[in-house]
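Undergrad: Model the following, please.
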Amino acid sequence: MKRRFKQRLAFILLQLLGEFYNQDRILRSQTNDGNNRDLEVNVIRQVWIFQYDHAKER
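TA: Residues are numbered from 1 along each chain as shown. This is a model prediction of the structure:
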């Protein structure tokens, strides 16, 4: 049971890291103000962290 949980957690973390990478790459390729871009990336990260924390509580 613990092994299955660890595998599932590793899979979710890999997906999360991949999504961070994709969002960073997409937002950094946009030609807007650097401050706005950093804010967008931070908002996306906070949403993902919130979703991850909420999923852990279930």
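
Undergrad: Now for the protein, the helix or strand with the poorest mean pLDDT.
TA: The weakest-scoring helix or strand in the chain, judged by mean pLDDT, DSSP states H and E, is helix 34-57 (a mean of 72).

Undergrad: Show me what that one is packed up against.
TA: Where contact means 3 or more Cβ pairs under 8 Å, 6 or more residues apart in numbering; DSSP states H and E, helix 34-57 is packed against helix 2-29. Heads up, the C-betas are built off the backbone N, CA and C, glycines and all.

Undergrad: between the helix it packs on and helix 34-57, how big is the angle?
TA: 170 degrees (axes from the mean of the first three to the mean of the last three Cα atoms, to 10 degrees).

Undergrad: Extract the C-alpha set from the least confident helix or strand of the chain and format it as PDB.
TA: Output of helix 34-57 as PDB, limited to C-alpha atoms (Å, rounded to 0.1, in the frame of the first residue of the first chain):
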ATOM      1  CA  GLY A  34       8.800  41.400 -17.200                       C
ATOM      2  CA  ASN A  35       7.100  42.300 -13.900                       C
ATOM      3  CA  ASN A  36       3.700  41.100 -15.300                       C
ATOM      4  CA  ARG A  37       5.300  37.900 -16.500                       C
ATOM      5  CA  ASP A  38       6.800  37.200 -13.100                       C
ATOM      6  CA  LEU A  39       3.500  37.900 -11.500                       C
ATOM      7  CA  GLU A  40       1.700  35.500 -13.800                       C
ATOM      8  CA  VAL A  41       4.200  32.700 -13.100                       C
ATOM      9  CA  ASN A  42       3.900  33.300  -9.400                       C
ATOM     10  CA  VAL A  43       0.100  33.200  -9.600                       C
ATOM     11  CA  ILE A  44       0.200  29.900 -11.500                       C
ATOM     12  CA  ARG A  45       2.600  28.400  -9.000                       C
ATOM     13  CA  GLN A  46       0.400  29.500  -6.100                       C
ATOM     14  CA  VAL A  47      -2.700  27.900  -7.700                       C
ATOM     15  CA  TRP A  48      -0.800  24.600  -8.200                       C
ATOM     16  CA  ILE A  49       0.500  24.700  -4.700                       C
ATOM     17  CA  PHE A  50      -3.000  25.300  -3.400                       C
ATOM     18  CA  GLN A  51      -4.400  22.500  -5.500                       C
ATOM     19  CA  TYR A  52      -1.700  20.100  -4.300                       C
ATOM     20  CA  ASP A  53      -2.200  21.000  -0.700                       C
ATOM     21  CA  HIS A  54      -6.000  20.600  -1.100                       C
ATOM     22  CA  ALA A  55      -5.500  17.200  -2.700                       C
ATOM     23  CA  LYS A  56      -3.300  16.000   0.200                       C
ATOM     24  CA  GLU A  57      -6.100  16.800   2.600                       C
END
